[in-house]
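Chemist: task: produce atomic coordinates for the following.
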Amino acid sequence: MTTKTLTLSIVATTALLTTIHAETELDPIVVSSDFRENKLSQTSNAITVIGEEKIYDKASQSLIDTLSSTPNVNFSAGASKAKYIQIRGIGERSQFETPINPSVGLIVDNIDFSNMTLGASLFDVKQVEILKGPQGTTFGANGMAGVISVQSNEPTKETEGHIETTIGNYNTQAIGAALGGTLIDNKLLGRISFYHNKSDGFMENSYLNRKDTNNIDELTTKTQLRWLATDKHTIDLNFIHTSIDNGYDAFTFDNSRTSISDEPGKDTQQTNAFALKSTYDLNTMKLISSLSHSKTGMTYSYDEDWSNPTTVGGWSGKDAYLRDKKQIDADIRLLSNKEGRVFQETTDWTMGAYYKNSNDNLVRNHSWNPQYRGDYTIKNKALYGQLDTHFSDKLTLTSGLRTERVEATYNDSANFNTSTSETLVGGKLGLSYQANNNSLYYMTLSKGYKPGGVNANNAIPTNARTFKTETLWNLDLGTNQSSFDNKLTSRTNFFYGKRKEQQVKSSFVTNPNGGGAVFNEYFANAAKGTYYGVESSFDYFPNDNLHFFTNIGLLKSKFNEYTDPNPASLNVTGRAPAQSPKYQYNIGGDILLSDTLTLKANLEGRASYYFSNRHNEKAEAYKLLNSSLEYTNNDWTAALWARNIGNENYQTRGFGSFGNNPANGYTTELYTQQGMPRTFGVTLSRDF
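Modeler: Purely as a prediction, here's the structure:
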């Protein structure tokens, strides 16, 4: 094969992979987050798929930064880097004492990484699936706003591998390798990978004369085994080890990238996790059972005063949260094969049971408060089922239902003890119409839920220490289209949602205009809310050398009613909730300049949005220009890349209505964490 032929083959493959919808026989993207695998073009869900070709040169970039380029997905930092995900304006923004039931679930190779996002690496990843809206049938309590599924490359019979190294500014250095193939002929396949990513970070500490107090130091190893027990029985074992040792030194008095703290914090995560999955074909049905276990230790600490002993009129304080988390998940389900359809062979069926036991243990060490300890245990038991009724080759009705029993207990060192138990119900009802190979239309009504919880802060009044379950009803109307012989493909989804007993995070500040201001955060069922909007993705291939794309999200979200147990709180009735930008976009393209050279560029941006529901401070709207020049020769690829080329300033977290700067008399003002400045580097890789 000539170099030119190979390059054109790579480009053609890339074109297919980036296509959001194509004719049935040409669509290579398979969605596997639902009960049944399905081609993306035939998927009647609000979903975005980020394929391997879009992330292979982004292993050194955080998962959440990559997710934020998709419609109506936002993020917040308040740590070493972005850690918290919001979909359609719903999702957590931070975590301190209070245990969190996630609004957005994160699943990595069948292991629940929700609230542990530092451990999710993009290296050796096949694709990322972003499911938007309630996933009440498939994921239950973990997916009220949506679910992110990260899927690594699987073991193959043929021996194959990948090596990669990256260097960039801010002393960025990364190296990774993956190797897989047959271990025992016709019996055992395996794959192993590791990736180590280091960077000094872009903050500079002038007091300590250091440039690495907000550093990145992340190691991820993944091992996969696939045992072909029989022709009809396959057993998969995944093991993930992560060792994250990041620094945290991000806030300053002047909202710059130069800190003066004397006690920089840490943002660490140590995780060991495995997932065991058995798939047994029983002719008319499949029996799929899975078991996963994870054990994680996390440290989150920071210099509260952001200053040092030379600061005139200053004060000194440090806060540290040491969290240990253990979780077991078990799921067993039966799925009909085509031969096992019921109701005159028109209906595929799924039925299953799920169990989760999660324990979250916290130790808080605060400079001037006694050590605080809290223990939170939650157990989930669920039964679920789904019917996919094919009235014809074109028309399908999907009906799903999940009943989940949630039991939780909490106790802490201040002798506050509570327990709750409730039964929650979610599901969906959907209708899809495949008009032809080029057009799919769908409508889905779904219900999701997020269990209630407990506010761990003992400064909160007793009557506000617990909060109720939130429910979300959501309607999606969408279409997948392909035109001009697959040169133009699109996915467009309109949505509307109603939130009841809306869980809103708020806070009050003790001593807001003096040294040692303390945030007392809490959740409350403070509102009823609605949202609506649209998500669209278009890909256009005018010829073999050109590809253009757009990803656009529009969101209108508001509090219809708002009450707060704190009478002094801000009344935000009619206002948009925090982290709900009105628009987001990612537009760009790539061009084949020669047989071996490809130029890619994209512009991503988002509207202004509120940082918090407690005050009126907002993040500024921004746009970021990114580009790469890629050279491919046989198995080798070299990519020269640059992100935020314009070096635009933007914010990833903000705190308002309190003062922390003694130089201006602790005047109440806005403090922000800055986003990534201009970064550039080169990634060299080889596939074999």
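Chemist: alpha carbons only for contacts and neighbour counts from here, please
Modeler: Fine.
Chemist: quick one: contacts of stretch 162-175?
Modeler: With contact meaning C-alpha atoms under 8 Å, 6 or more residues apart in numbering, stretch 162-175 is reached by 60, 176-179, 195-202, 679-688.
Chemist: buried ones in that stretch, by neighbour count?
Modeler: 162-168, 170-175 (16 or more other C-alpha atoms under 10 Å).
Chemist: of all those, which two lie farthest apart?
Modeler: Greatest spacing in those, by C-alpha to C-alpha: His162 and Tyr170 (25.3 Å).
Chemist: run through the helices of the stretch 51-200 of the chain in chain order.
Modeler: Secondary structure of the stretch 51-200 of the chain, counting by DSSP state H, counting those that start in this stretch: helices at 52-55, 63-67.
Chemist: wait, which of those is closest to Thr563?
Modeler: Proximity to Thr563, assessed across these by C-alpha to C-alpha, is greatest for helix 63-67 (31.6 Å).
Chemist: picking that back up, now distance to Leu189 and pLDDT too, for the buried residues of stretch 162-175, in JSON lines please.
Modeler: Formatted as JSON lines, those follow (distance: C-alpha to C-alpha, whole Å; pLDDT from 0 to 100):
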{"residue": "His162", "distance to Leu189": "17", "pLDDT": "96"}
{"residue": "Ile163", "distance to Leu189": "20", "pLDDT": "96"}
{"residue": "Glu164", "distance to Leu189": "23", "pLDDT": "95"}
{"residue": "Thr165", "distance to Leu189": "26", "pLDDT": "96"}
{"residue": "Thr166", "distance to Leu189": "29", "pLDDT": "96"}
{"residue": "Ile167", "distance to Leu189": "32", "pLDDT": "97"}
{"residue": "Gly168", "distance to Leu189": "35", "pLDDT": "96"}
{"residue": "Tyr170", "distance to Leu189": "39", "pLDDT": "97"}
{"residue": "Asn171", "distance to Leu189": "37", "pLDDT": "97"}
{"residue": "Thr172", "distance to Leu189": "34", "pLDDT": "96"}
{"residue": "Gln173", "distance to Leu189": "31", "pLDDT": "97"}
{"residue": "Ala174", "distance to Leu189": "27", "pLDDT": "96"}
{"residue": "Ile175", "distance to Leu189": "24", "pLDDT": "97"}
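Chemist: now those as JSON lines including distance to Val425?
Modeler: Below are those laid out as JSON lines (distance: C-alpha to C-alpha, whole Å):
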{"residue": "His162", "distance to Val425": "45"}
{"residue": "Ile163", "distance to Val425": "46"}
{"residue": "Glu164", "distance to Val425": "46"}
{"residue": "Thr165", "distance to Val425": "48"}
{"residue": "Thr166", "distance to Val425": "47"}
{"residue": "Ile167", "distance to Val425": "49"}
{"residue": "Gly168", "distance to Val425": "49"}
{"residue": "Tyr170", "distance to Val425": "49"}
{"residue": "Asn171", "distance to Val425": "50"}
{"residue": "Thr172", "distance to Val425": "47"}
{"residue": "Gln173", "distance to Val425": "48"}
{"residue": "Ala174", "distance to Val425": "45"}
{"residue": "Ile175", "distance to Val425": "46"}
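Chemist: which of those lies closest to Glu561?
Modeler: Nearest to Glu561 among the buried residues of stretch 162-175, with distances taken as C-alpha to C-alpha, is Tyr170, at 46.4 Å.
Chemist: show me where the stretch 151-300 of the chain has its strands.
Modeler: Secondary structure of the stretch 151-300 of the chain (DSSP state E, counting those that start in this stretch): strands located at 160-168, 172-184, 188-199, 204-205, 216-230, 233-248, 258-259, 265-281, 285-303.
Chemist: next structured bit after the helix or strand of the chain with the lowest mean pLDDT?
Modeler: Of all helical and strand segments in the chain, the minimum by mean pLDDT, DSSP states H and E falls on helix 3-18, at a mean of 34. Counting by DSSP states H and E, the next helix or strand C-terminal to helix 3-18 is strand 30-31.
Chemist: what's the following helix or strand after that next one?
Modeler: Criterion used, DSSP H and E; the element after strand 30-31 is strand 38-39.
Chemist: would you check that Asn586 makes contact with Ser69?
Modeler: Yes: between Asn586 and Ser69 a contact is recorded at 5.9 Å, counting by C-alpha atoms under 8 Å.
Chemist: okay, and the common contacts of these two?
Modeler: Here Asn586 and Ser69 have Asn551, Glu604 as joint contacts, going by C-alpha under 8 Å, 6+ apart.
Chemist: flag the shaky bits of the chain, pLDDT-wise.
Modeler: Across the chain, the ranges flagged by pLDDT under 70 are 1-28, 57, 512-513.
Chemist: adjacent strands (with direction) for the lengthiest strand in it?
Modeler: When the chain is parsed with DSSP state E, its longest strand is strand 518-543. Strand 518-543 has the following sheet partners, assigned by DSSP bridges: strand 488-510 (antiparallel), strand 546-562 (antiparallel).
Chemist: any chance of CSV for these, columns mean neighbour count and distance to Arg402?
Modeler: Below are these laid out as CSV (neighbours: other C-alpha atoms under 10 Å; distance: least, C-alpha to C-alpha, whole Å):
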stretch, mean neighbour count, distance to Arg402
strand 488-510, 21, 19
strand 546-562, 21, 27
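Chemist: how about TSV for these, with distance to Gly143 added?
Modeler: Formatted as TSV, the strands paired with strand 518-543 follow (distance: least, C-alpha to C-alpha, whole Å):
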stretch	distance to Gly143
strand 488-510	14
strand 546-562	19
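Chemist: quick one, which of the ones you listed is nearest to Asp124?
Modeler: strand 546-562 (24.4 Å).
Chemist: and the next helix or strand past that closest one?
Modeler: With secondary structure assigned by DSSP H and E, strand 546-562 is succeeded by strand 583-592.
Chemist: three-state assignment of Ala663?
Modeler: Of the three states, Ala663 takes helix under DSSP: H, G, I helix; E, B strand; the rest coil.
Chemist: give me the distance between it and Thr469.
Modeler: 44 Å (C-alpha to C-alpha, to the nearest Å).
Chemist: between the two, which is the more surrounded one?
Modeler: Ranked by neighbour count (other C-alpha atoms under 10 Å), Ala663 and Thr469 place Thr469 first, with 17 against 12.
Chemist: report the contact partners of the more buried one.
Modeler: Counting by C-alpha under 8 Å, 6+ apart, Thr469 touches Tyr449, Lys450, Pro451, Gly452, Gly453, Glu501, Gln503.
Chemist: which PyMOL command selects the buried ones in those residues?
Modeler: Of the contacts of Thr469, the buried ones go into a single PyMOL selection, burial set by 16+ other C-alpha under 10 Å:
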select buried, resi 449+450+451+452+453+501+503
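Chemist: I'd like the contacts of Thr469 written out as a markdown table, with distance to Leu335 and secondary structure added.
Modeler: What follows is these, written out as a markdown table (distance: C-alpha to C-alpha, whole Å; DSSP: H, G, I helix; E, B strand; the rest coil):
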| residue | distance to Leu335 | secondary structure |
| --- | --- | --- |
| Tyr449 | 25 | strand |
| Lys450 | 27 | strand |
| Pro451 | 28 | coil |
| Gly452 | 32 | coil |
| Gly453 | 34 | strand |
| Glu501 | 35 | strand |
| Gln503 | 35 | strand |
